[in-house]
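Chemist: The sequence and its predicted three-dimensional model are supplied below.
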Amino acid sequence: MSELSFMEKLLDGVEVEWIALGGGVVEFQRGKRLVRSQLEESGKYAVFQNSMKPLGYYHESNVEAETAFIICAGAAGEIGYSKDPFWAADDVYFAVTPELVNSKYLYHFLLTQKERIEGQVRRASIPRLSKSAIEKLELPIPCPDMPEKSLEIQSEIVRILDTFTELTAELTAELSLRKKQYNHYRDQLLSFEEGEVEWKTLGWIGDVRMCKRIMKNQTSDSGDIPFFKIGTFGKEPDAYISRDVFEEYKERYSYPRVGEILISASGTIGRAVIFNGEDAYFQDSNIVWLENDESKVLNKYLFYFYQIASWNVSDGGVIKRLYNDNIKKTLIPIPFPNDPEKSLAEQARVVEILDKFDILTTSISEGLPREIELRQKQYEYYRDLLLSFPKSHADEAA
């Protein structure tokens, strides 16, 4: 069935009227402030203030179950929906819907308007969203003169969209469980409660290396070679260097080999990335690696160990830092250290097990994260399709 015929069958030729939220179809009310001394760490009713994470809990509620709401300060523009009664604080606008409007239908519609809503947020010391910005939005009401038919259509749209969100929620819960399992097995495998193991310093493996310093005037917003620093390590770069500088520095100074593990030594201390060999340059002293020929320790074994390492972080002034000496003194468990062949075989066994969990939990092209991403895109596609009712000439002229 084509998209057009699907919509035609769902609407069955009925009219759709676009009504401004401030025109009486939906009423947005502001919550009431609670002071921290009134909040509890756990309780019956969640209290939402300036984010989607509950600020605490309270013994009363001021919003009914099955209600859509919008954060108007702090995380201004975030859109939520609660199946349970809750307390809305004064940085929350909650929707009071008449019988003509399905509250979950309103929620899904608001999500289609998220970009527009966020565009109305006033960026100051505390981001804020005005009630009038929300009330200007126009909600499509199918078959407005036939309430029963209208709610039937709205409910069917909600049912379809909820199918996608419920599946995404199930996959997300599964991912959380798999991550807990992964952490458990990783910690267990690297604790070596049984068998022969000796704790060696990372300095026993090799020296700590870093790239030659790149000055700010050597970087640009675009260019040939991505340059990674504290804020972009493990993410998309926002600075580049020329290929001439890259080739010169790579030839004359330290540069990682494929497979070696880059470590963040400041900012996100301990974050580890496996160097894939693609042309890139890294900020000196902030991104370092352990020179390793893998004769004693596999690089991938190091990568997994870094995730649980107890780094000795020093106060370097403005920001805390992981100094080279601290890295070299960090202890790592080495199985069968007096039998290199047996040691590497045991390390490879540990890596193989952890790789299976890693693929399932963190791979961008395999496993649950990819499935969750696909389901979210599927939901957004059908949400926008189902809620993109054509406007009549009268609505457009209004």
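Modeler: That came through, no problem.
Chemist: can you give me the strands for the stretch 1-150 of the chain?
Modeler: Counting by DSSP state E, counting those that start in this stretch, the stretch 1-150 of the chain has strands at residues 16-20, 27-30, 45-48, 56-58, 67-71, 79-82, 87-88, 92-96, 138-142.
Chemist: Pick the most deeply packed of those strands.
Modeler: strand 87-88 (a mean of 26; mean count of other Cβ atoms under 10 Å). In short, each C-beta sits where N, CA and C put it, glycine included.
Chemist: buried set for the one helix or strand Leu360 maps to?
Modeler: Using DSSP states H and E, Leu360 sits within helix 340-362. Neighbour counts over helix 340-362 (16 or more other Cβ atoms under 10 Å) mark Ser343, Leu344, Glu346, Gln347, Val350, Val351, Ile353, Leu354, Phe357, Asp358, Leu360, Thr361 as buried.
Chemist: would TSV of these with pLDDT and distance to Tyr306 be doable?
Modeler: Formatted as TSV, the buried residues of helix 340-362 follow (pLDDT from 0 to 100; distance: Cβ to Cβ, whole Å):
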residue	pLDDT	distance to Tyr306
Ser343	93	18
Leu344	96	18
Glu346	91	18
Gln347	93	14
Val350	90	14
Val351	93	13
Ile353	89	17
Leu354	88	12
Phe357	82	16
Asp358	81	13
Leu360	75	20
Thr361	73	17
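Chemist: Would you map the strands across the stretch 251-398 of the chain?
Modeler: Going by DSSP E, counting those that start in this stretch, the stretch 251-398 of the chain shows strands at 261-264, 272-274, 281-282, 287-290, 314-315, 320-321, 331-335.
Chemist: For Tyr301, find the nearest of those.
Modeler: strand 331-335 (8.7 Å; Cβ to Cβ).
Chemist: Within its sheet, name the partner strands of the closest one and how each one runs.
Modeler: Strand 331-335 sits in its sheet next to strand 197-201 (antiparallel), going by DSSP bridges.
Chemist: hmm, who's touching the helix or strand following the strand it pairs with?
Modeler: Where DSSP H and E defines the elements, the next helix or strand beyond strand 197-201 is strand 208-210. Contacts with strand 208-210, where a contact means Cβ atoms under 8 Å, 6 or more residues apart in numbering, come from 254, 256, 282, 284-285, 287-291, 324, 327-328.
Chemist: where does the stretch 151-300 of the chain have low pLDDT?
Modeler: Along the stretch 151-300 of the chain, the model assigns pLDDT under 70 to residues 193-195.
Chemist: Same check on the stretch 1-150 of the chain?
Modeler: For the stretch 1-150 of the chain (pLDDT under 70), the answer is 1-13.
Chemist: For the contacts of strand 208-210, which PyMOL command selects only the ones that are buried?
Modeler: Of those, the buried ones go into a single PyMOL selection, burial set by 16+ other Cβ under 10 Å:
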select buried, resi 254+256+282+284+287+288+289+290+324+327+328
